[in-house]
Every structure is written in structure tokens, then in C-alpha cells.
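> Okay, sequence plus prediction incoming.
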Amino acid sequence: MLIIAIAIVGFFAFFIIRTYVWQYNAKLNGLDAEAYVSWIEKVVRCGGGDGAEYPMKYYYVRFQRYDGLETEARLMNPNKKLKIGSHVRIRYVPGREEIATLMEME
């Protein structure tokens, strides 16, 4: 039982650290871009063996990269007030344009 608890805590810590390290890197080394929310994906995740369901939302934005190409990225830190068509300012890391960090809502 202790091993399972340690594994769950380790997995949770890994997810938190990965998310915040990515956001920190994007804030330091990223490029700014104006974007808009293009779609919102609603997903229901199932729990381990207890049959629990966890609804989640993933927010995607479309923006123009530094090289002029239009691309779509998932927001790592979305605000629940965002709706499809909302204009935002994001920051992304060149070479990893599929993930973006929300910097400001307009």
C-alpha cells in the first residue's frame, strides 16, 4: 500500500513540476504572439479502479508564429473565463509551438 501511495504522489509531483517548468521556460525564452481560442475539448477521464469520472477541458488557440505560419497550440494554464473566439496574448517556445502559456486576456 505504501508503494502505491508513493507512486501516486510521485506521478502528481512529476505532473506539477513538468507544468511549472514548462511555463517558466516559456516565460524566460518564449516569443509573444496574439492568439484566439479556436476550440475547447471536453474530455471525461476515468479514475483507477473506483469507476470515478473526472471531466476536463483543454483549450486550444490559433496564432501566427515568428516565421509567418499559422499554428494551433494547447494552453498549459487556461482561464475558465475563456470562450471560443476570446483574444489572448500567449508565449510559446520556438520548436515546441504545440504548447503555449497564457500571458494576458484581452
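Here it is on my side, so go on. Numbers count the residues shown, from 1 in each chain.
> C-alpha from now on. contacts and neighbour counts both.
OK.
> Tell me, please, where in the chain the pLDDT is lower than the cut-off.
Scanning the chain for pLDDT under 70 picks out the ranges 19, 22-23, 25-26, 47-49.
> Now do residue 83: how many residues are near it, please.
By other CA atoms under 10 Å, 14 other residues sit near residue 83.
> mind checking the SS state of it?
Look at residue 83: counting by DSSP: H, G, I helix; E, B strand; the rest coil, its state is coil.
> do you know how far it is from residue 6?
Applying CA to CA, to the nearest Å, the value for residue 83 to residue 6 is 38 Å.
> Please, where are all the helices along the chain?
With helices called from DSSP state H, the chain shows them at 2-29.
> Now the residue positioned nearest the centre of it. Nearest residue, chain neighbours left out?
Closest residue to the average C-alpha location of the chain: residue 76 at 1.8 Å, with CA atoms, centre = their mean. The spatially closest residue to residue 76, leaving aside those adjacent along the chain, is residue 101, at 5.5 Å (CA to CA, 6 or more residues apart in numbering).
> burial of the one you found, as a residue count?
Residue 101 has 24 nearby residues by other CA under 10 Å.
> quick one: it and residue 79 touch, right?
No: in this structure, residue 101 is not within contact of residue 79 by CA atoms under 8 Å, at 10.9 Å.
> List the buried residues of stretch 77-96.
For stretch 77-96, a neighbour-count test (16 or more other CA atoms under 10 Å) marks 78, 87, 88, 89, 90, 91, 92, 93 as buried.
> Redo these as a markdown table? Include distance to residue 40.
Shown next, in a markdown table, are those (distance: CA to CA, whole Å):
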| residue | distance to residue 40 |
| --- | --- |
| 78 | 10 |
| 87 | 14 |
| 88 | 14 |
| 89 | 17 |
| 90 | 16 |
| 91 | 19 |
| 92 | 19 |
| 93 | 22 |
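> Farthest-apart pair in those, please.
Spanning the widest gap among those are 87 and 93, at 19.5 Å by CA to CA.
> gap between residue 27 and residue 102?
10 Å.
> Could you do residue 50 as well?
Between residue 50 and residue 102 the distance, using CA to CA, works out to 34 Å.
> more neighbours, the two?
Looking at residue 50 and residue 102 with other CA under 10 Å, you find the greater number of neighbours at residue 102, namely 22 against 7.
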